[in-house]
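how would this look folded up:
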Amino acid sequence: MQSLYLKAKEFLWTYLIIALFIVVILVVFSKYDIHVFINGFHSPFFDRFFLSYTNVGDGHFAVFLIVLMLLYSFRSSLLMGTSIAVTGIIVTFIKRVLFYGTPRPITFFKGLYHLYIVPGLEPNEINSFPSGHSATAFAVFLCLAIIVYPVWVKYLFFIFAVLVCYSRMYLSEHFLRDVFAGSIIGIMTSCFVYLFFEQYGKRIWDASVLLWLQKVYLKCFNR
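Sure, this is the predicted structure:
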């Protein structure tokens, strides 16, 4: 636990502060008012930006990072891969079993308010809670914050995760409560997976493709 705190305290403390602020917003304002407020801010630049950036929270980007992490450390790649897989299972169970059919903004506001929809986007209509993209983003970027050492990069990773969450609301794919719940799932999953690996990890997980290639090279050419 201490190791996790030392490696990711900047990310976690920043999240805690923002989370407390979000809780107050969710208590004071209705999801109708919150989403209408967010939906009122749009521009052609941000339409294009968030339409593309929201993909950072999907599975393809996550798989790319998992493969890339193999070059650095098998352990790091396994940490991220397991965190994302468990996060996906939890989100899918909640979304399709516990809260199946929860209306997304486009359905919720039908006949109540004319939402601005980003051109070229066809919003989903149901299974709003929780946000899978937000869960994946926080799982991924918390893992990166644990792995990477420079403090300023940890804060940058936090911003990247928050932008994914905001993109889901900007595109009217989710409400604030959806992305908030998703972020909690992503963070808790990555923390538990990290603690599990710390307790039961093996040395081989700290190897990497580059280290193995280096050993092969030394054996072949330094006789």
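
rest of the way, CA atoms for contacts and neighbours
Fine.

quick one: low-confidence parts of this protein?
Judged by pLDDT under 70, the chain has its weakly predicted residues at 1-2, 201-223.

looking at it, which helix is longest?
helix 2-28 (DSSP state H).

buried set for that helix?
Residues 7, 8, 9, 10, 11, 12, 15 are the ones in helix 2-28 that count as buried (16 or more other C-alpha atoms under 10 Å).

immediately after that helix, which helix or strand?
Downstream of helix 2-28, the next assigned helix or strand under DSSP states H and E is helix 31-39.

starting at the chain centroid, how far to the helix or strand following that next one?
Next helix or strand after helix 31-39 toward the C-terminus (DSSP H and E): helix 44-53. Its chain's C-alpha centre and that of helix 44-53 lie 18 Å apart, by C-alpha atoms, centre = their mean, to the nearest Å.

number of residues surrounding residue 108?
14 (other C-alpha atoms under 10 Å).

that one and residue 187, how far apart?
As judged by C-alpha to C-alpha, to the nearest Å, residue 108 and residue 187 stand 28 Å apart.

and for residue 163?
For residue 163 relative to residue 187 (C-alpha to C-alpha), the value is 15 Å.

between these two, who's got more neighbours?
Taking neighbours as other C-alpha under 10 Å, residue 163 and residue 187 compare with residue 187 leading, 23 against 20.

and the gap between that one and residue 124?
25 Å.

from the centroid of the chain, which residue is nearest?
residue 137 (1.4 Å; C-alpha atoms, centre = their mean).

was I right about that one contacting residue 167?
No - counting by C-alpha atoms under 8 Å, residue 137 does not reach residue 167; the two are 11.4 Å apart.
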